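[1] Fold the following and give me the result.
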Amino acid sequence: MAVPQTFIRLLAPWSEGCRLAAEYGSHSGVVFEYACDNSANGRGPLGRWLDAAFLRLSGGSALRRQIEATKKLLLGLIAERRSLGLRTTILDVASGTGRALRELCRDGALADVTIVCHDRDPRKVMQGRELVARERLGNVTFAVGDATDPASYLVVNDPDIVVATGLFPLLQQDAAVRTVIRLAFDHLREGGPVLYTSARGRDSVAARWDSPVAPPIVDRAEETVAGWMRDAGFVDTRTLQVPGTDAIVVGTKPAA
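    Next comes the predicted model:
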């Protein structure tokens, strides 16, 4: 059962995380970024204790593990391309605030990579633009786009890597998932990989913080998604699973 919004508002004067959740919504980019920062803030010792509990119970630990797993995989894929003397454009079609990619850029690991972030939520796009401006990440851009819309894949340079983590569990219809896979295949450069998460790893305690108006989560077996990827033309599909994270399904568009 979701934690009532009245309870979150009750704790808002004490816990910074609860204040942000009450003001912006539990599933907002603001709360997502706060959970990733993982720095408890609140009014006095009690407020900081409550905020630390919020960061634990709101699924922040799982978010941070997922980001680290995604970063590690991306670094490996980009290193392979660099070894071949290839430059890289990454298209994230359901980026949110682009946390994993921004962290890599802040660390200097993607200075030579062009990153295009699209999300259907204009609020997250605006927040992403504010963050990259503050962090001075000139190689990252944000725009509004829907992963099921062909226009969202029309970028200046065809992407070498397409990313969509956290998206498929939110899509209610299998047909929408298959549309995203097909569009990625159509617009990805030959030899390029895609990264998808097929199910959302959930903590029974953290799930209580889910908004009662949030769409239901649809967990799909990794092999089901991999099969749809192969149907679209992807090869070398494989699943990477780090304990405590969502499984990442990877595939490659073959060279002609």
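
[2] From now on I want contacts and neighbour counts done on CA atoms only, so please keep to that.
    Fine.

[3] so where's the stretch 51-200 of the chain uncertain?
    Filtered on pLDDT under 70, the stretch 51-200 of the chain yields the residue ranges 58, 200.

[4] mind running it again at 80?
    Applying pLDDT under 80 to the stretch 51-200 of the chain flags residues 57-62, 199-200.

[5] Which parts of it are strands?
    88-92, 113-119, 140-144, 161-164, 193-197 (DSSP state E, counting those that start in this stretch).

[6] all helices for the stretch 101-250 of the chain, in order.
    Here the stretch 101-250 of the chain has its helices, by DSSP state H, counting those that start in this stretch, at 122-135, 174-187, 222-232.

[7] which parts of the shortest one are buried?
    Going by neighbour count (16 or more other C-alpha atoms under 10 Å), the buried part of helix 222-232 is Glu222, Val225, Ala226, Trp228, Met229, Arg230, Ala232.

[8] Between helix 174-187 and it, find me the angle.
    Calculated by axes from the mean of the first three to the mean of the last three C-alpha atoms, to 10 degrees, helix 222-232 forms an angle of 50 degrees with helix 174-187.

[9] Put the alpha carbons of helix 222-232 into PDB.
    Below are the C-alpha coordinates for helix 222-232, written out as PDB (Å, rounded to 0.1, in the frame of the first residue of the first chain):
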ATOM      1  CA  GLU A 222      13.900 -10.700 -20.000                       C
ATOM      2  CA  GLU A 223      13.700 -13.500 -22.600                       C
ATOM      3  CA  THR A 224      10.400 -12.200 -23.800                       C
ATOM      4  CA  VAL A 225      12.000  -8.800 -24.500                       C
ATOM      5  CA  ALA A 226      15.100 -10.400 -26.000                       C
ATOM      6  CA  GLY A 227      12.800 -12.400 -28.300                       C
ATOM      7  CA  TRP A 228      11.100  -9.200 -29.500                       C
ATOM      8  CA  MET A 229      14.500  -7.700 -30.100                       C
ATOM      9  CA  ARG A 230      15.600 -10.600 -32.200                       C
ATOM     10  CA  ASP A 231      12.300 -10.400 -34.200                       C
ATOM     11  CA  ALA A 232      13.200  -6.800 -34.900                       C
END
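
[10] contact partners of it?
    178, 181-182, 185, 198-199, 235, 237-239, 247, 249-251 (C-alpha atoms under 8 Å, 6 or more residues apart in numbering).

[11] Highest neighbour count among the residues you listed?
    Ser198 (28 neighbours; other C-alpha atoms under 10 Å).

[12] Of the helices of the stretch 101-250 of the chain, which is nearest Leu55?
    Of all these, helix 122-135 sits nearest to Leu55, with 20.3 Å by C-alpha to C-alpha.

[13] Including distance to Leu73, could the helices of the stretch 101-250 of the chain go into a markdown table?
    Shown next, in a markdown table, are the helices of the stretch 101-250 of the chain (distance: least, C-alpha to C-alpha, whole Å):
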| stretch | distance to Leu73 |
| --- | --- |
| helix 122-135 | 22 |
| helix 174-187 | 18 |
| helix 222-232 | 17 |
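
[14] quick one: contacts for His187?
    By C-alpha under 8 Å, 6+ apart, the contact set of His187 is Tyr153, Leu154, Asp158, Pro159.

[15] Just the buried subset of those residues, please.
    Among these, those classed as buried by neighbour count (16+ other C-alpha under 10 Å) are Tyr153, Asp158, Pro159.

[16] For the residue nearest the centre of the chain, which residues are in contact?
    With distances taken as C-alpha atoms, centre = their mean, the residue of the chain nearest its centroid is Thr165 (4.5 Å). Neighbour list for Thr165: Ala94, Ser95, Leu195, Tyr196, Thr197, Ile248 [criterion: C-alpha under 8 Å, 6+ apart].

[17] List phi and psi for the second one.
    Just to be clear, that refers to Ser95. Backbone torsions of Ser95, given as degrees, to the nearest 10, read phi -80, psi -20.
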